[in-house]
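J.: I need the structure of the sequence given here:
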Amino acid sequence: MVFYFKARPEAGDFTIFMGLDKYENEELIKYGFPEDIWFHVDKMSSAHVYVRLHKGQSLDDISEALLEDCAQLVKANSIQGNKVNNIDVVYTPWANLKKTASMDVGQVGFHNSKMVRTVRVEKRINEIVNRLNRTKVERTPDFKAEREAYSAAEKAERKAHLREKKRREEMDRLEKERQAETRSYKNLMVSDKMTSNKQIASAEKSLQELEEDFM
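T.: The predicted model follows:
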């Protein structure tokens, strides 16, 4: 079971989600999307909360409103963190999550600590938490199938870009050849290499005069 929430409208069209337990957290870790940003209460147990950004976006594109929604949801879903004020919530791209065989179910580390950011949450804001809970929807997704579909779409898009690139390169090549042929033709048409009609007529006249003289 995965719980899905809608961020506040002014934050944009974003979906926030979290697993029911550590086993579903494990699935989210395994089959995440590159656009997913992971949130967790620092140094305390809590739900693994994600927000799926739009394609091409990064940590720098997360607005204050969206960040606050995610942080409040994480705090509200931490047994210990929900009871105290001034906690830290860490967040990082899904691709930065590190999983090794020695880690417990649902436990993660980071590939690069420099890609981990922290936001301070002074206290729980019930208005935000209640608003998010009113949008909550429960689903049982097929994580593997969703990830495979995403990968297939990415592969098809890369192929389409490659075909378009090759098409443009071929058009550029043909245009360069056309321009080179045009320049070559113009060189053949240079005036001092051409014979005018007047010159031809003059030449014919001279030949006729020579013939008459011969006769």
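J.: Export the host helix or strand of Ile16 to PDB, keeping only CA atoms.
T.: Using DSSP states H and E, Ile16 sits in strand 15-19. Extracted C-alpha coordinates of strand 15-19, given in PDB (Å, rounded to 0.1, in the frame of the first residue of the first chain):
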ATOM      1  CA  THR A  15       2.300  14.300  -6.000                       C
ATOM      2  CA  ILE A  16       3.800  13.400  -2.700                       C
ATOM      3  CA  PHE A  17       3.800   9.700  -1.600                       C
ATOM      4  CA  MET A  18       5.100   7.300   1.000                       C
ATOM      5  CA  GLY A  19       5.000   3.600   1.700                       C
END
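J.: got the buried residues for the very next helix or strand once past that strand?
T.: Counting by DSSP H and E, the next helix or strand C-terminal to strand 15-19 is helix 22-30. Within helix 22-30, the residues scored as buried using 16 or more other CB atoms under 10 Å are Glu24, Asn25, Glu26, Glu27, Leu28, Ile29. Just so you know, the C-beta spots here come from the backbone N, C-alpha and C atoms, and that holds for glycine as well.
J.: Adding pLDDT and distance to Glu181, write these out as a markdown table.
T.: Below are the buried residues of helix 22-30 laid out as a markdown table (pLDDT from 0 to 100; distance: CB to CB, whole Å):
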| residue | pLDDT | distance to Glu181 |
| --- | --- | --- |
| Glu24 | 89 | 65 |
| Asn25 | 90 | 65 |
| Glu26 | 91 | 64 |
| Glu27 | 91 | 61 |
| Leu28 | 93 | 59 |
| Ile29 | 92 | 59 |
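J.: quick check: angle from the strand holding Ile16 to helix 22-30?
T.: Interaxial angle, strand 15-19 versus helix 22-30 (axes from the mean of the first three to the mean of the last three CA atoms, to 10 degrees): 130 degrees.
J.: Relative to Thr92, which of the buried residues of helix 22-30 is nearest.
T.: Proximity of the buried residues of helix 22-30 to Thr92 (CB to CB) peaks at Ile29, which lies at 12.1 Å.
J.: what about stretch 147-167, average pLDDT?
T.: Mean pLDDT, computed over stretch 147-167, is 80.
J.: switch to numbering from 25
T.: Got it, the first residue is 25 from now on, which makes the last one we talked about stretch 171-191.
J.: Contacts for the strand holding Ile40, please.
T.: 25-31, 49, 51-52, 71-76, 93-94, 97, 101, 156 (CB atoms under 8 Å, 6 or more residues apart in numbering).
J.: Please enumerate the strands of this structure.
T.: Along the chain, the stretches classed as strands by DSSP state E are 26-30, 39-43, 60-65, 73-76, 111-117, 121-122, 133-134, 141-145, 161-163.
J.: Same list (these) but as CSV, adding mean neighbour count, distance to Glu172 and mean pLDDT.
T.: Formatted as CSV, the strands of the chain follow (neighbours: other CB atoms under 10 Å; distance: least, CB to CB, whole Å; pLDDT from 0 to 100):
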stretch, mean neighbour count, distance to Glu172, mean pLDDT
strand 26-30, 18, 17, 97
strand 39-43, 20, 19, 96
strand 60-65, 23, 16, 98
strand 73-76, 24, 17, 97
strand 111-117, 21, 21, 98
strand 121-122, 15, 19, 96
strand 133-134, 13, 26, 96
strand 141-145, 15, 30, 97
strand 161-163, 10, 18, 95
